[in-house]
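Peer 1: Coordinates for the following, if possible.
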Amino acid sequence: MEKKPYYVSVQAKTVMENQGDAAYELEIEATPEDIERLKTLFEYMGDFDHGTFMKSHALAFPYHLDPENDGYDTNLRAVYEMMYEWGTPETKRHIEQAGLLRLEPNNEYAKNQSP
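Peer 2: Numbers count the residues shown, from 1 in each chain. The predicted model follows:
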């Protein structure tokens, strides 16, 4: 399937086909199947986010011992890995400069890094 531009707000967990529909942080080139995978991750993040919200009203849980936080973080990393893989050069630069991923020499997302 052919890739086309999409505009993504990780904060709002939205993906738009039209640039002017709403605010966005990142521009990517992806297939509709890619976008379905991304939307699924956003749904998982929402589920984990809801779980952390509910816990915040109960007993105090240390962040590092909280499976909901771990799940949210894991999905967030996966989202940024996808954004880097599918991102425009500007999107990739943004992710690199913000330090949102560990881009190591053997990391598949670091292929385009200059030494």
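Peer 1: Going by C-alpha atoms from here, please, whenever you check contacts or count neighbours.
Peer 2: Noted.
Peer 1: where along the protein do the strands fall?
Peer 2: Chain-ordered strands for the chain, with DSSP state E as the definition, fall at 4-9, 14-16, 26-30.
Peer 1: Of these, which stretch is the most buried?
Peer 2: A comparison of the strands of the chain by mean neighbour count, using mean count of other Cα atoms under 10 Å, puts strand 26-30 on top with a mean of 21.
Peer 1: Does anything pack onto that one? Which helices or strands?
Peer 2: Using 3 or more Cα pairs under 8 Å, 6 or more residues apart in numbering; DSSP states H and E as the contact criterion, the secondary-structure elements in contact with strand 26-30 are strand 4-9, helix 67-86, helix 89-98.
Peer 1: For the protein, name the helix or strand with the lowest mean pLDDT.
Peer 2: helix 32-56 (a mean of 82; mean pLDDT, DSSP states H and E).
Peer 1: where does the chain have low pLDDT?
Peer 2: Per-residue confidence of the chain (counting by pLDDT under 70) places the weak regions at 50-66, 103-115.
Peer 1: picking up where we left off before, same list, the helices and strands packed on strand 26-30, but as JSON lines with distance to residue 16 please.
Peer 2: Compiled in JSON lines, these are given as follows (distance: least, Cα to Cα, whole Å):
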{"stretch": "strand 4-9", "distance to residue 16": "5"}
{"stretch": "helix 67-86", "distance to residue 16": "14"}
{"stretch": "helix 89-98", "distance to residue 16": "15"}
